[in-house]
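Novice: Predicted structure and sequence below. I'll ask about it afterward.
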Amino acid sequence: MVQSSVLGFPRMGKLRDLKKATEAYWGGKLSQDELLAEGKRLRLEHWNIQKQAGVDIIPSNDFAYYDHVLDHIQMFSATPERYSKHGLNALDELFAMGRGHQKDGIDVPSLEMVKWFDSNYHYVKPTLQDNQTFKLAEDPKAVRHFLEAKEAGIVTRPVLLGPVSFLHLGKADRGQTVDPISLLDKLLPAYEELLKALKKAGAETVQIDEPVLVFDLPQKTRDAFKPAYEKLAALQGEAGPQLVLATYFGDIVHNLEVVDSALQNVSAIHIDLVRNPEQLEKVIEHLGPKQVLSAGIVDGRNIWKNDLKKSIEVVETAIQKLGKERVIVATSSSLLHTPHTLASEKNLDAEVHDWFSFASEKAVEVAVIAKAVTEGPAAVKSELEANAKSMESRATSKRTNNAEVKKRQEAVTKEMHERKSAFPERYAQQKKTLNLPLFPTTTIGSFPQTKDIRVQRNKFTKGEITAEEYEKFIEKEIRDVIAVQDELDLDVYVHGEPERNDMVQYFGERLDGYVFTTHAWVQSYGSRCVRPPIIVGDVSRPAPMTVKESKYAASVSKKPMKGMLTGPITCLRWSFPRDDVHQSVQAQQLALALRDEVVDLEAAGIYVIQVDEPALREGLPLRAGSEREKYLSWAVDSFKLSTAGVRDGTQIHSHFCYSEFQDFFHAIAALDADVLSIENSKSDAKLLKVFIDEAYPRHIGPGVYDIHSPRIPSEQEIKDRLDEMLQYLKPDQLWVNPDCGLKTRQWTETKAALENMVNAAKYFRSKH
Ligand code: GLN
Ligand code: ZN
């Protein structure tokens, strides 16, 4: 019999219940016992959803109150002393590491949090000491949750993050020099003890995740697998559970040697066949005579209904080579990255509703595929027929295919990606049109999104005020931020983005080819969730999206007004993309829509236009090499296509929320933006050296202060920062601006910080 399995389930619950309970606990409105009870309720509910879906192998220890990597830090007693020394209870210590703790005389900032591979989930980085020790915590969470499920009549397969990935994803603490992977010998006994404890509790198999196998790994990390898995696999049988080694988000073919030498002894290997179906054959060749293949065939990263017929074919290929007993049908990765259930979506159009599948529905899909290959397709005849209909409906729908868009894409030429003249000529023109001083000052787009703005927007969405009333309100907001910018004496103004709920959703709502959900939240970090819009079909722009507000702003402003757009890659990355056409095709469609917007803005008298691409970097494929180059090539093209339609005298800006350009500087340079604003205030100004080394000819505004904190930077601090920057950038190249938009800040601190910023710029202006 072919078994079905889920690698992990979303934690938040149907209505973001966990978020609500956790935040209530943080706010002192819920007791710890109540929060723990809510966690337990959610775990049981999620296990039961999977059981009722017919899933054979259900995970436990996938649940976390904040983050699963953070749980491992605590489970192996790797909590840095600055958190452990206060005698906080386990849960509060966990939250202290995740989000900092500032209460009762304790004041510790959080541990670093970074993106989980190429997803929008963030994990807490294990932060290790030179004299690091590890010890299995008393009553470890993995065992506790296994027993909890068992008591409810569900024997689960616990999930652990493997020791090599745990260390590879970690870092030395500040002031420490330890190379995390060198701690393997110290860490392994804790894993051995945990596996033994799980076996004792009744766990027959454990899923051990080593997702770092999809990276290009340094030799030291590659070498770590062999000793690690010789030890852990040796426990299989009497002393420990069978191990299912799981990889996801990429292929492992380049690491098959490692897999060969080290992982021969684990009982099963899981691979992601959604991302990299071509690895199937190679991995099968490398399996030992008894090893089982867990085929990740139901997408854990997207919301599309599975094409059952196709999946069954893939699984059949594996079965032909391995036999039914040696194949498991699984989700490609944990379902953490998908929303809870499609059943909550009451407002979706029936046509598209039928195309989607969220976590609860995906659990059913793995079960159906497993049944089909075990008992034959007749056993799931009605499911297969319904599925084939959905596939057909999506493939042929008018929403999916827009002939006009395709025609336009065919007509895209190379020339459309290039500005009319090279930068020096453009700059000469721009000087005339814009007449800016040296060290021009500007902001990144948004001004504080006050409660009043949110209230009015809500009223408008609910129909409590008319479109006209709302428009009047937005105009007043725009006038107000312009008055503030007058007072501050900034040089290039923005309209403040009061009309935007979110930098991607706002555009999605104005484009054809998108749909929106009401409850499809996905965890981003801790209690934070995002609700990405969904690209369902060819994207086009039925009407201008931002021209009205920008034009109004320009009409009441005496200085140049900067138009503000979200770039094609950021729109793509922060949405659920289609899986039926390549992402480069979707990016080009978005680019064409934005190109029209850029040209319309220019025609409306907007001669500075910023196209934000904060997500450009996170789209980089996980491995260096040709994949990465291909991505950068179409990503850069889509930016250029969206911006190159303007005259020389119109200045194109772009903005990125990071400063690490070293590994893809050529792509940043290739964007050919007249001005780049980047986040820099918290990084070393030395990072700017790459701009001299590469003789970057255009203009740059490295952020002079951090906008994530309410702290007001002094004028002197900003001057010092600019001084440092001038070691790397020429005076006529440097813009003065904050790190990012100001929407999350309060007005008082915003005004004070910008006042200091403008004064610092003026000081340098007087010196040059
Ligand atoms: N223009 C956007 C703003 O100011 C940029 C946000 C971002 O880069 N994340 O809010
Ligand atoms: Zn930003």
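Specialist: Right, received. Where do you want to start? Numbers count the residues shown, from 1 in each chain. Ligands and ions are numbered 1, 2, ... in the order given.
Novice: so what's whichever residue of the chain sits closest to ligand 1 up against?
Specialist: Relative to ligand 1, the nearest point of the chain is residue 741 (1.9 Å; C-beta to the nearest ligand atom). Backbone N, C-alpha and C define where each C-beta goes, glycine included. Contact analysis of residue 741 by C-beta atoms under 8 Å, 6 or more residues apart in numbering lists 443-446, 497, 707.
Novice: And residue 686, by the same measure?
Specialist: For residue 686, the set of contacting residues under the criterion of C-beta under 8 Å, 6+ apart consists of residue 728.
Novice: looking at the sheet around the nearest residue to residue 173 once chain neighbours are set aside, what are its partners?
Specialist: Setting aside the residues directly before and after it, residue 173 is nearest to residue 127 in space (C-beta to C-beta, 6 or more residues apart in numbering), at 4.8 Å. When bridges are assigned using DSSP bridges, the partners listed for residue 127 are residue 171.
Novice: and the residue of the chain closest to ligand 1, how far is that from residue 491?
Specialist: For residue 741, the distance to residue 491 (C-beta to C-beta, to the nearest Å) stands at 18 Å.
Novice: Near ligand 2, which residues of this structure are found?
Specialist: Taking C-beta under 5 Å from the ion as the contact definition, the chain meets ligand 2 at 614, 657, 740.
Novice: Filter those residues down to the ones in strands?
Specialist: Among the residues of the chain next to ligand 2, DSSP state E puts none in strands.
Novice: Columns neighbour count and pLDDT on top of those residues, output as a markdown table?
Specialist: Supplementary listing: the residues of the chain next to ligand 2 in a markdown table, determined by neighbours: other C-beta atoms under 10 Å; pLDDT from 0 to 100:
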| residue | neighbour count | pLDDT |
| --- | --- | --- |
| 614 | 22 | 94 |
| 657 | 21 | 89 |
| 740 | 25 | 96 |
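Novice: Tell me who's in contact with residue 192.
Specialist: Residue 192 makes contact with 231-232, 235, 240, according to C-beta under 8 Å, 6+ apart.
Novice: Kindly format the C-alpha coordinates of the helix or strand where it lies as CSV.
Specialist: Assigned by DSSP states H and E, residue 192 belongs to helix 184-201. Coordinates of the C-alpha atoms in helix 184-201 are reproduced here as CSV (Å, rounded to 0.1, in the frame of the first residue of the first chain):
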residue,chain,number,x,y,z
LEU,A,184,28.3,19.0,15.4
ASP,A,185,30.0,16.6,17.8
LYS,A,186,28.6,18.5,20.7
LEU,A,187,25.1,18.7,19.3
LEU,A,188,24.7,15.1,18.2
PRO,A,189,24.3,13.5,21.6
ALA,A,190,21.3,15.7,22.3
TYR,A,191,19.7,14.6,19.0
GLU,A,192,20.4,10.9,19.9
GLU,A,193,18.8,11.4,23.2
LEU,A,194,15.7,13.0,21.7
LEU,A,195,15.3,10.2,19.1
LYS,A,196,15.5,7.6,21.8
ALA,A,197,12.9,9.5,23.9
LEU,A,198,10.6,9.7,20.8
LYS,A,199,11.0,6.0,20.2
LYS,A,200,10.3,5.3,23.8
ALA,A,201,7.1,7.4,23.6
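Novice: what's the helix or strand where residue 761 lies in contact with?
Specialist: Assessed by DSSP H and E, residue 761 sits inside helix 747-767. With contact meaning C-beta under 8 Å, 6+ apart, helix 747-767 is reached by 437-441, 443, 447-448, 450, 484, 488-490, 704-705, 710-715, 717-719, 722, 726, 731, 736-738, 742.
Novice: Just the buried residues of that helix, please?
Specialist: Neighbour-count burial for helix 747-767 flags 749-751, 753-754, 756-758, 760-762, 764 (criterion: 16 or more other C-beta atoms under 10 Å).
Novice: before we move on, back to that, what's the local residue count around the residue nearest to residue 173?
Specialist: Burial of residue 127 is recorded as 22 neighbouring residues (other C-beta atoms under 10 Å).
Novice: Around ligand 1, pick out the residues from this structure.
Specialist: Taking C-beta under 6 Å from any ligand atom as the test, the list of the chain residues beside ligand 1 reads 444-446, 497, 503, 564, 612, 614, 655, 657, 740-741, 743.
Novice: tell me the least confident of those residues?
Specialist: Lowest pLDDT of the residues of the chain next to ligand 1: residue 657, 89.
Novice: give the contact list for that residue.
Specialist: For residue 657, the contacting residues are 614, 679, 739-740, by C-beta under 8 Å, 6+ apart.
Novice: The residues you listed: which two are farthest apart?
Specialist: With distances taken as C-beta to C-beta, the most widely separated pair in the contacts of residue 657 is 614 and 739, at 11.1 Å.
Novice: Could you give the number of residues near residue 653?
Specialist: Burial of residue 653, expressed as a neighbour count using other C-beta under 10 Å, amounts to 26.
Novice: Could you do the one 5 residues further on as well?
Specialist: Using other C-beta under 10 Å, residue 658 has 16 neighbouring residues.
Novice: and it, what does it touch?
Specialist: Residues touching residue 658, when contacts are defined by C-beta under 8 Å, 6+ apart, comprise 614, 617, 678-679.
Novice: How much space separates it from residue 388?
Specialist: Residue 658 is 44 Å from residue 388, where distance means C-beta to C-beta.
Novice: Likewise for residue 120?
Specialist: Using C-beta to C-beta, residue 120 is found at 32 Å from residue 388.
Novice: Looking at these two, which is more packed in?
Specialist: Applying other C-beta under 10 Å to residue 120 and residue 388 shows that residue 120 carries more neighbours, namely 18 against 13.
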